[in-house]
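*Asks:* Sequence plus the predicted model coming up.
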Amino acid sequence: MPDAAAEPGTAAARNAAEEKSAFSHPAVEPDSTAGYGDHPDQVIDFYAPRGVTGPGEAAPVVVVLHGGSWRAPYDRRHISPLAGFLAERGFAVASVEYRRGPQGTGPDGSGEPVAGRWPDTFDDVAAALDALPELVRRHLPRADARRTVLTGHSAGGHLALWAAARHLLPADAPWRTDRPAALRGVVALAPIADFEVADKLDVCGGAARQLLGGGELFAERRPYADPALLLPTGIATTLVQGRADVDVPQAVAEAYADAAAKAGEVVGVTLLEDVGHYPLIDPAADACAVVTEEIAQLAW
């Protein structure tokens, strides 16, 4: 008998179809790429704004952090169609690569890939954001770095929220900054935004717990990594979430918004009916236009 989860009309079948559509687009090559460190994954792709801005008009900068459960098989190429889509709509785009987890747990790299590297994944995102203003000046001359919006999908949504909250990290955190980042805002797309709730729901196969090293390290490291514990940021933040998302359920976004409210901060939550995890980064999907509008509302 066929697997009921894969039968047409099921949530799993719709999720599979949405994932196939999002990953069906050819990668969009950047206009330039620059390193922010010595490791091959410490690079940023730059996409110059096209079409919408007038001659001499500076474009806002959108920093894109890709998802993929912080695991090695998923790199920035899968989100390059979104980067290209944003560039076509007049944004200057910086798509950040960062070190993810090793390919597998076996001695030969076989087995399931691991979610993230501690502390390397966080080292990279912090270093990339610190290097970005100078790199934007060099690689995106038509961009206005004073109008920067962070966006990220899934695990990348977590990293975007975390990067905007570095000034709230514990005093001994190596990534802590002494002031809030100079951002117009954050638009987090189906983010893994609350690690406690994500862990209870086993989001992405326990990826959040893996990212922090598992076991007792999960509780020990959460204050350094969990956006839901790093509030209020003082930075305009919007979450975009599909109600039909089975990979990162709506409850995760709602938990973050609730934590923000308890901390005295209002976080916008845009819920999309009959939308799953992947349409948010799929240029062929209506949800992607909603994402672009949310970014534009903060950037322009």
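*Replies:* Received it, and whenever you're ready, just let me know what you need. Predicted model only: the values in this text are computed from it and were never measured. Residues are numbered from 1 along each chain as shown.
*Asks:* I'd assumed Leu212 was in contact with Ala225.
*Replies:* Yes - A contact is recorded between Ala225 and Leu212 when judged using CB atoms under 8 Å, the distance being 6.0 Å. Where you see a C-beta, it was placed from the backbone N, CA and C, and this is true even at glycine.
*Asks:* joint contacts of the two?
*Replies:* Between them, Ala225 and Leu212 share the neighbouring residues Phe195, with contact defined by CB atoms under 8 Å, 6 or more residues apart in numbering.
*Asks:* what's the distance between Ala48 and Val248?
*Replies:* Taking CB to CB, to the nearest Å as the criterion, Ala48 is separated from Val248 by 31 Å.
*Asks:* Likewise for His167?
*Replies:* For His167, the distance to Val248 under the criterion CB to CB works out to 26 Å.
*Asks:* picking that back up, if you count what's nearby, which of Ala48 and Val248 comes out ahead?
*Replies:* Neighbour tally, Ala48 and Val248, criterion other CB atoms under 10 Å: the higher count belongs to Val248, 29 against 17.
*Asks:* Grab the nearest non-local neighbour of that one.
*Replies:* Ala190 (4.7 Å; CB to CB, 6 or more residues apart in numbering).
*Asks:* Burial check on the one you found, number of neighbours?
*Replies:* Here the neighbour count serves as a burial measure; for Ala190 (other CB under 10 Å) it reads 31.
*Asks:* for this structure, which helix is longest?
*Replies:* When every helix of the chain is counted residue by residue (DSSP state H), the longest turns out to be helix 120-139.
*Asks:* Now do the SS call for Asp144.
*Replies:* Under the three-state scheme (DSSP: H, G, I helix; E, B strand; the rest coil), Asp144 adopts strand.
*Asks:* picking that back up, state the phi and psi torsions of the residue nearest to Val248.
*Replies:* Dihedral angles of Ala190 (phi, psi; degrees, to the nearest 10) stand at phi 40, psi 50.
*Asks:* where's it relative to Gly242, distance?
*Replies:* Going from Ala190 to Gly242 by CB to CB gives 6 Å.
*Asks:* Quick check: the gap between Glu254 and Asp245.
*Replies:* Here the distance between Glu254 and Asp245 works out to 12 Å (CB to CB).
*Asks:* ok, these two, which is more surrounded?
*Replies:* Comparing Glu254 with Asp245 by neighbour count (other CB under 10 Å), the higher total belongs to Asp245, at 25 against 17.
*Asks:* pLDDT value on the closest residue to that one other than its chain neighbours, please?
*Replies:* The shortest distance from Asp245 to any non-neighbouring residue, by CB to CB, 6+ apart, is to His277 (4.6 Å). Per-residue confidence (pLDDT) for His277: 98.
*Asks:* List the residues that contact Glu273.
*Replies:* Taking CB under 8 Å, 6+ apart as the definition of contact, the neighbours of Glu273 are 243-244.
*Asks:* any idea how far Leu280 is from it?
*Replies:* Using CB to CB, one gets 13 Å for the distance from Glu273 to Leu280.
*Asks:* Tell me if Val93 really is in a strand.
*Replies:* Yes - Val93 sits within a strand when classified using three-state DSSP.
*Asks:* which residue packs closest to it, ignoring adjacent ones?
*Replies:* Counting by CB to CB, 6+ apart, the nearest residue to Val93 once its immediate chain neighbours are dropped is Tyr47, at 4.0 Å.
*Asks:* can you pull out the strands in the stretch 51-200 of the chain?
*Replies:* Residue ranges of the strands in the stretch 51-200 of the chain, as given by DSSP state E, counting those that start in this stretch, are 59-65, 92-96, 143-153, 185-189.
*Asks:* now the ones you listed as a markdown table including distance to Asp202, mean pLDDT and mean neighbour count?
*Replies:* Below are those laid out as a markdown table (distance: least, CB to CB, whole Å; pLDDT from 0 to 100; neighbours: other CB atoms under 10 Å):
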| stretch | distance to Asp202 | mean pLDDT | mean neighbour count |
| --- | --- | --- | --- |
| strand 59-65 | 23 | 98 | 27 |
| strand 92-96 | 27 | 98 | 29 |
| strand 143-153 | 19 | 96 | 24 |
| strand 185-189 | 20 | 98 | 29 |
